[in-house]
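Enquirer: Okay, structure incoming, though there's no sequence with it:
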């Protein structure tokens, strides 16, 4: 996907999250600016569409697994055998909601898999930026 250089320039000039672009730009350090934009941050949440099955497995609390019916266990095992799991799939979501009730730690853990920590660049552009991207944006 092509980068929107006008949007990148606006981000760099306004620095809405006060990430400190101005001093780096003044020094001509486009690499450091790109590093700041590409740094993963706890405050940036990136939605996920699929997750590896092992992450789902790790999210399941053993004591809560033990309380499932044989049918629920079979359904979850089938989902885990897929290799990757769609966190947006209606059938998948319904299977997990049915198996793990409200207030369970497993349900909370599974909900957390729907997003991951990301960078400002990912949030804005869906991809990392390079020092060349920073230079081109500032020239635009």
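Expert: Sure, I can see it. Values in this document were obtained by computation on a predicted structure and should not be read as measured data.
Enquirer: Which of the helices or strands spans residue 116?
Expert: Using DSSP states H and E, residue 116 falls within strand 115-119.
Enquirer: for that strand, packing partners?
Expert: Under the contact definition 3 or more Cβ pairs under 8 Å, 6 or more residues apart in numbering; DSSP states H and E, strand 115-119 sits against strand 40-47. (Each C-beta comes from the backbone N, C-alpha and C, glycine too.)
Enquirer: Could I get the buried residue list for the strand it packs on?
Expert: Along strand 40-47, these residues count as buried under the neighbour rule (16 or more other Cβ atoms under 10 Å): residue 44.
Enquirer: Quick one: mean pLDDT over the following helix or strand past that strand.
Expert: Downstream of strand 40-47, the first helix or strand assigned by DSSP H and E is strand 50-52. In this model, strand 50-52 has an average pLDDT of 95.
Enquirer: Would you mark the buried spots in strand 50-52?
Expert: Buried residues in strand 50-52, counted by 16+ other Cβ under 10 Å: 50, 51.
Enquirer: And the helices in the chain?
Expert: For the chain, the helices defined by DSSP state H occupy 5-14, 21-26, 30-38, 53-59, 62-66, 70-80, 90-99, 105-112, 120-125, 131-139.
Enquirer: So what's the gap between the first one and the chain middle?
Expert: Translated: helix 5-14. Relative to its parent chain, helix 5-14 has a centroid offset of 23 Å by Cα atoms, centre = their mean, to the nearest Å.
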